[in-house]
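> Mind folding the following:
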Amino acid sequence: MNLLILLCFIFLSPAFTSADILFQGFNWQSWRKEGGFYNFLKSSVPELASSGITHVWLPPPSQSRDPEGYYPGRLYDLNASKYGSQAELKSLVEAFHQNGIKCIADIVVNHRSTEREDAQGVFFEGGTPDGRLDGGPSLICNNDPNFTYGTGSPDSGRDFPFGPDVDLLNTTTQQQLSDWMNWLKTDIGFDGWRFDFVIGYATSITKFFMEQTKPDFAVAEKWDDFTLGQEDAHRNALRDWVGAAGGAITAFDFTTKFIFNQAIKGELGRLKDSNGNPAGMIGVLPQNAVTFIDNHDTWSQRLAPFSDDPDKVAQGYVYILTHPGIPSIFYDHFLEWGLKDPIKNLTAIRKKHGINPTSKVKILAAESDLYMAEIDEKIIMKIGPKGDLGNLLPSTYQLAYPGKDFAVWEKI
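The predicted structure follows:
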């Protein structure tokens, strides 16, 4: 890591506290809710607040070619969203704020759907009476292999095959997108961002958006290809990206996610690295790592599912809610899988003992059928079917929360 990136970590690292827990407030089918999804979710706000949730990640809010919102077109047009109207969204955000929960908008800027196409080319519409975020071929990267009519700059990241790659090196576009994000803050009430598909554009662009919008919280989806045995390279790429983006942003800990996908199949030893630390991003930069079990992509679309066994999913939450990093709870697991009570018990333990993004982990066992760790010398957790713990559990700890193939103890 070079000196500049190290200084970014020192001076710009986010000041997250023990209370910070993110909730993904939707899944891939949420737009189908009768009566509007925003109205539906509003009824769950008090329970989410009482469960220790501090931040909620909401779906892309703009008009979109797809109902899920990930091919946005008229960015300022929030009334055409399949999740509900702009007024309903503002009401939902206000309800979260009244209950002490901050709202994170899903920001999709790498690609956009066009308003119309004709002999003169393709044209974007920003969703306002004026020309903000309007444009034509000059807004599309000139080397997009799937949309060859672009005349803008070359793509600065990975190609997105399902929609035109926006020329994010265009300084006017950068500023207009920043203005739109600041409008989401001032007019709608959003507090921060989840950046979609950041591998699609240069890291410097994310850094620019962070500097221009100053979110309370921001997390990036940097989803790189993963190969078992290459965990260090994978997590170091996440760490280095965070530094290059200025150090104040977090990233989803896909390394821990992918390791855990395999570990839960009777390979729990994978959760410990060669230095005796957690094997994911939380082992190298925990304060900027957002841990998660599944999300709308990995589970809802089966792109990298964890497990369909609720008992194993509960073990996953035992891990992320007792370990460093910023844990993220998935909509399905809390509201649809019957895991509400286990998650509530674990968030209460996390809060009671002040477990936070930089908590210290001492791994006591990492075997095929047992993972056991002490965190901050305050709690001990174990997951896995092995019941004989030998001398691993000190007499100074008492059982706080047991479950199928897991347990959490707290110091007496």
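
> Could you check which helix or strand contains the closest residue to residue 402 other than its chain neighbours?
Nearest in space to residue 402, with sequence neighbours left out and distances taken as C-beta to C-beta, 6 or more residues apart in numbering, is residue 408 at 7.8 Å. In short, each C-beta sits where N, CA and C put it, glycine included. Of the helices and strands defined by DSSP states H and E, residue 408 is found in strand 406-411.

> So for that strand, what gets flagged as buried?
For strand 406-411, the neighbour count (16 or more other C-beta atoms under 10 Å) marks 406-410 as buried.

> Stretch 164-173 now?
Going through stretch 164-173 with 16+ other C-beta under 10 Å, the ones that come out buried are 164-170, 173.

> For residue 59, see how far away residue 374 is.
Taking C-beta to C-beta, to the nearest Å as the measure, residue 374 and residue 59 are separated by 38 Å.

> can you pull out the helices in the protein?
Per DSSP state H, the chain has helices spanning 3-12, 37-42, 45-50, 86-98, 171-183, 203-213, 231-244, 254-263, 310-322, 331-335, 340-352. These are given in chain order.

> those strands in the stretch 51-200 of the chain, which residues are they?
Counting by DSSP state E, counting those that start in this stretch, the stretch 51-200 of the chain has these strands, from start to end: 55-58, 102-107, 116-118, 121-123, 192-195.

> Could you dump the ones you listed into a markdown table and include mean neighbour count and distance to residue 262?
Shown next, in a markdown table, are the strands of the stretch 51-200 of the chain (neighbours: other C-beta atoms under 10 Å; distance: least, C-beta to C-beta, whole Å):
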| stretch | mean neighbour count | distance to residue 262 |
| --- | --- | --- |
| strand 55-58 | 25 | 26 |
| strand 102-107 | 24 | 28 |
| strand 116-118 | 9 | 44 |
| strand 121-123 | 17 | 43 |
| strand 192-195 | 26 | 26 |
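
> Indicate which one of those is closest to residue 265.
strand 55-58 (27.9 Å; C-beta to C-beta).

> So what are the sheet partners of that closest one and their directions?
For strand 55-58, the paired strands and their directions (DSSP bridges) are strand 22-24 (parallel), strand 102-107 (parallel).

> Which among those strands is found nearest to residue 272?
Closest approach to residue 272 among the strands paired with strand 55-58 is made by strand 22-24 (25.1 Å; C-beta to C-beta).

> And for that closest one, what's in contact with it?
Judged by C-beta atoms under 8 Å, 6 or more residues apart in numbering, the contacts made with strand 22-24 from elsewhere in the structure are 48, 53-57, 104, 219, 290, 292, 295-296, 326-331, 334.
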